[in-house]
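> give me coordinates for this.
(chains A and B)
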Protein chains: 2
Amino acid sequence: MVEGHEAVERLERLTGMLRRRGVILPAFEIHGGAKGLYDFGPVGGRLRANVQNVWRDHWLSQGDVVEVSCPTVTPFAVLEASGHVAEFSDFMTVCQACNEASRADTMLEDHHPNPDALSMADLQALLDDVRPSCPSCGASEWSPIVAENLMFDTVIGAGSSGRPAFLRPETAQGMFTTYPAIYRHFRERLPFGAMQLGRGYRNEISPRQGMIRLREFNMAELEYFIDPESDVVPDLSAWSATSVQLVPADGEAFEGTIPKALADGIILHPTVAWFMARTYDLMMSLGVHATKLRFRQHARDEMAHYALDCWDVELHGSYGWVECVGIAHRGCYDLEAHERATGQRLRAWRTYPEPKIVEIDGWTIDGAKAGPAFRALAGQVKAKVETLAADTVFPASIVLDGGDEVTVESEHVKRVQRTESVAGEWFIPHVVEPAFGIDRIIWHLLDHAYEESGAGEEMYVRMRLHPDVAPVDAAVLPLFEKEGMGALASEIHRRLCATRGVLASYDGSGSIGRRYARADEIGVPCCLTVDHTSLEDGTVTWRDRDTGEQTRMSVDDAVQRLASR
Amino acid sequence: MVEGHEAVERLERLTGMLRRRGVILPAFEIHGGAKGLYDFGPVGGRLRANVQNVWRDHWLSQGDVVEVSCPTVTPFAVLEASGHVAEFSDFMTVCQACNEASRADTMLEDHHPNPDALSMADLQALLDDVRPSCPSCGASEWSPIVAENLMFDTVIGAGSSGRPAFLRPETAQGMFTTYPAIYRHFRERLPFGAMQLGRGYRNEISPRQGMIRLREFNMAELEYFIDPESDVVPDLSAWSATSVQLVPADGEAFEGTIPKALADGIILHPTVAWFMARTYDLMMSLGVHATKLRFRQHARDEMAHYALDCWDVELHGSYGWVECVGIAHRGCYDLEAHERATGQRLRAWRTYPEPKIVEIDGWTIDGAKAGPAFRALAGQVKAKVETLAADTVFPASIVLDGGDEVTVESEHVKRVQRTESVAGEWFIPHVVEPAFGIDRIIWHLLDHAYEESGAGEEMYVRMRLHPDVAPVDAAVLPLFEKEGMGALASEIHRRLCATRGVLASYDGSGSIGRRYARADEIGVPCCLTVDHTSLEDGTVTWRDRDTGEQTRMSVDDAVQRLASR
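Sure thing, here's the model as predicted:
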């Protein structure tokens, strides 16, 4: 996927640096590692926390969104209802020589433009035809393809009281299962959103591509519940001059604004457009390069059957264009699925602008006659009779929900004719879901920020991360550790760390140029140098990572400047 | 465990409120629920995030601590090395009538002062003697007790390539497996710490007590690595006037200061005392009541065999005194265990104050003779010979690591006598670990903050949460939604939410008193009311949750006040 010799070498240098400096590294490496699992190390841990906090603040700032946090261990019934037990799978085949499992579509990428859209039968035919080499051992005898569910499974409880469960494949289900509490919280007024940051799991058959395809990942999803009949349209005027790259499902890629694409019928729903626009702002505030971001619309056959519109945010980096966010209009699919499985009402109430007058003309039962006749079944008979048309002729044979068939005589029923005033109705809200792959986004922030200059031994690396996500806010460097400079630098370091929201590092060893380079490499936005003058007048030199510019200022000013951003 | 009728009723009202208002609620309730799993709902989600952020800032402010983030899915080998595969278990017995599994010690709590300290044999004897009733069905025939491992197990990968794994029982292992990266990050200078916030898992046999005993929980741990020979003592003078409750392993509970308890030899290590003091500060800044916090020292037989000292922070609430934090000096146990299992060096280098002169007096092999004599084994023979004492007499019979026995003749060896200068040595750092149960702490924050006044229908609830953790920072209330007050209130609400770090709610329905009560119940620190005067002069009324005091101020001042805290 990484094209060109130079790009491959840059990627190797970047991942090597991330590993060496403790940003991102293969997990459990001292124990031999585990494919598809990564650590955020001593530098990466805060980068991750910063990205999560920027994400959280961005969405909470809407004022109509709340955060929830649900377990990752999820009972079977929940994921059966959501469709994951049946659908969350990849087509797998096993090498007959070495027993290594592989994804059939991945191995056939060079032989079909879009193998992951093939049916199992078509994929099997292509596999039989191509007979690709096993990536592990090189043999080319394959077992028949099977659909392998990708959820990690486990058991809740011990012994025979144990119940089957999975690790959640997404955080979204938590917002559906807690819907009643969220609806209550917003005092039953749509629209509103609920979001969750946390781990998701996908037991990949053969993980690859570093941070792009993980078995356990950081994700963040927002479910925004709307009334499908509401005609309130979000105000997109703030984005009327913001040009973005759009790749519609039909037609050529183009540059345009989100409001215009909505007006032209390319984006199919105003709430989808709203979340595209807000997501664009979020990506910019994280430090994504605007030229390396595009919105790609799903083609009809690429979307889930219930989806009304779906756009990916793709970021461009070492692995080409990669889906990092999906913004999908999911209709009423999810709440309806859980409602069907549980019998609980997962709906919202819509009050009509004015009460509707409804003419009732039909039947009900005559309790005095029907009660003794149908006994325990009388309630069910009543419910059925009340659905019968006014022109029903009795005696009539009806089938109850339980399967029983009964004959209803005319003496069992009474005609009902009346006028009712109905104030409103229950309906299943629609949902628009922006879903974020946090690790993929972090990967691209690093990839976009990573800047090399010079070459070979002389190569210099500057990681131009946005200050809001940089893993360290400032490096404090004593020119020398002696003559009190080390002590003063330590004091400034302590003071900065004690300032809310500020994390500083202290680096006292090596030439000052080497220390600048160490700080630049992991993206520390500024270095504060303590020198002889500092001892006299309490000033430090503020060196900017990006410009290299140096400014002398008081320690107070430096602290103030770091605290206020 | 909850004693007294009034306490039980208060607990019921509290948990009922937490559920009704969406703070904490049983997970997957629409699907029938799952014991031991809880959701943080639309109100609780931000409370949790706030507590995590206060925790994170508190420890990062030390300046010598970093954050890491590791997978929860953990390969078998890692948890085998850590001792969890062998040791992380409870004694289980199964009801012969209903098949429900129970913890043997829990059922015998009324018959022994400390049943969880009993051996399996003693517990079995007590069970046979007492024959307790099954909590599910009331029968009292039990299966023989077995040690049931409490880790959730799963498999990484598909088919026969799958490898056994567990969900991590604690976050701590991540700081040990990434130790090489952390050591490198701190430029190989002890002491330093690494911490992690995240999920931990414990497949409880029979969970109970709400948030106290969960199957999946939020936890946070810090591993602080120290040189056991360092005589640098942390400065505890800031706590010399802070009196805390201490319950030493031997002797009576008393009130005293942490530095004094260290000086008196009650607290056994200065770094343990440091983390007790810093943890006390953290608890106060979260809003724990000082009178409901005590430090309890583990008795020798209660500690892990390798632990040098261990203190729990216990918080008092509806369930009595509950362990919420453990602060343990773990010696070199963890790094040594992973070193042994992996063969990787998990050590730090200690440079001697001055080089040590070492007299070498012993043996090595004479390559010219020993090479042909021992061939492939020559290397192993050399290693063994160099460990032999100077007075060894040859020929000597030695056993190699592989089990081979060889006879070494005097012609195979040479005497070695020389003086070497050794600059330092590798050693395994010791570790002091404060480990936090975030859910238990949150539970106690709520329990301590929950204040009822009045009674019956007139009961009024005020949740006096610390403003830094409160789930909502301000409620904006239009006196009426008409005459432009609703619009102005919405504008203020939007402006507050757009302010970094501030989350406001908008509540427009019901009497103003009812709305104050709704806000007070979940601990919103202030309400801003928009009334007729607001329309004229742009001021609002700031009502303080705790005092009920009302102050009129400009919207700018209110925003500023909320932004700066």
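
> how is chain A partitioned into domains?
A:5-88+A:150-332+A:432-439, A:352-425, A:472-563 (automatic domain parsing).

> any chance of these in JSON lines, plus mean neighbour count?
Using the backbone N, CA and C atoms, a C-beta is placed for each residue, glycine as well. Output for the domains of chain A, formatted as JSON lines (neighbours: other Cβ atoms under 10 Å in any protein chain shown):
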{"stretch": "domain A:5-88+A:150-332+A:432-439", "mean neighbour count": "20"}
{"stretch": "domain A:352-425", "mean neighbour count": "13"}
{"stretch": "domain A:472-563", "mean neighbour count": "18"}
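
> closest to residue B:493 out of the ones you listed?
Proximity to residue B:493, assessed across those by Cβ to Cβ, is greatest for domain A:5-88+A:150-332+A:432-439 (5.7 Å).

> can you give me the end-to-end span of the closest one?
Chord length of domain A:5-88+A:150-332+A:432-439, first to last residue, is 25 Å (Cα to Cα, to the nearest Å).

> run the chain-centre distance for it.
2 Å (Cα atoms, centre = their mean, to the nearest Å).

> hey, where'd the strands end up in the stretch 351-500 of chain A?
A:396-399, A:405-408, A:413-427, A:430-437, A:450-453, A:460-463, A:474-478 (DSSP state E, counting those that start in this stretch).

> now tabulate those strands in a markdown table and tack on distance to residue B:219.
Converted to a markdown table, the strands of the stretch 351-500 of chain A look like this (distance: least, Cβ to Cβ, whole Å):
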| stretch | distance to residue B:219 |
| --- | --- |
| strand A:396-399 | 55 |
| strand A:405-408 | 58 |
| strand A:413-427 | 41 |
| strand A:430-437 | 24 |
| strand A:450-453 | 34 |
| strand A:460-463 | 31 |
| strand A:474-478 | 30 |
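
> in CSV: those, plus distance to chain B and mean pLDDT.
Below are those laid out as CSV (distance: least, Cβ to the nearest Cβ, whole Å; pLDDT from 0 to 100):
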stretch, distance to chain B, mean pLDDT
strand A:396-399, 29, 88
strand A:405-408, 32, 90
strand A:413-427, 16, 92
strand A:430-437, 15, 98
strand A:450-453, 19, 97
strand A:460-463, 16, 97
strand A:474-478, 10, 98
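
> if we can go back for a sec, any chance of the domains of chain A in CSV, plus distance to residue B:86?
What follows is the domains of chain A, written out as CSV (distance: least, Cβ to Cβ, whole Å):
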stretch, distance to residue B:86
domain A:5-88+A:150-332+A:432-439, 17
domain A:352-425, 54
domain A:472-563, 38
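
> mean pLDDT lowest for which of these?
Confidence, taken as mean pLDDT, is least for domain A:352-425 of those (a mean of 89).

> returning to what we had before: which stretch among the strands of the stretch 351-500 of chain A comes nearest residue B:440?
strand A:430-437 (30.2 Å).

> and that closest one, what other elements does it pack with?
strand A:216-226, helix A:270-286, strand A:320-329, helix A:333-342 (3 or more Cβ pairs under 8 Å, 6 or more residues apart in numbering or on different chains; DSSP states H and E).

> picking that back up, mind checking which of the domains of chain A is nearest residue B:37?
domain A:5-88+A:150-332+A:432-439 (4.4 Å).

> quick one: buried residues of the helix or strand in which residue A:102 is found?
Taking DSSP states H and E as the criterion, residue A:102 maps to strand A:101-103. Within strand A:101-103, the residues that count as buried by 16 or more other Cβ atoms under 10 Å in any protein chain shown are A:101, A:102, A:103.

> let me know the closest of those to chain B.
Distance to chain B, by Cβ to the nearest Cβ, is smallest for residue A:101 among those, at 4.5 Å.

> so what's the closest one bridging to?
residue A:94 (DSSP bridges).

> was I right to think it contacts residue A:91?
No - judged on Cβ atoms under 8 Å, residue A:101 makes no contact with residue A:91 at a distance of 10.9 Å.

> overlap in contacts, the two.
residue A:148 (Cβ atoms under 8 Å, 6 or more residues apart in numbering or on different chains).

> surely residue A:425 and residue A:347 touch.
No - using Cβ under 8 Å, residue A:425 is not in contact with residue A:347, being 9.1 Å away.

> against chain B, how distant is the residue with the largest distance to the centre of chain A?
The centre of chain A is farthest from one residue, residue A:411, which by Cα atoms, centre = their mean lies 60.3 Å away. Computed as Cβ to the nearest Cβ, to the nearest Å, the residue A:411 to chain B distance reads 42 Å.

> what ranges do the helices span in the stretch 151-300 of chain A?
A:172-177, A:179-185, A:258-263, A:270-286 (DSSP state H, counting those that start in this stretch).

> run the angle between the last one and strand A:430-437 for me.
So the one you mean is helix A:270-286. Here the directions of helix A:270-286 and strand A:430-437 differ by 20 degrees (axes from the mean of the first three to the mean of the last three Cα atoms, to 10 degrees).

> packing partners for helix A:270-286?
Helix A:270-286 packs on helix A:44-60, strand A:216-226, helix A:258-263, strand A:293-297, strand A:309-317, strand A:320-329, strand A:430-437, helix A:438-449, going by 3+ Cβ pairs under 8 Å, 6+ apart.
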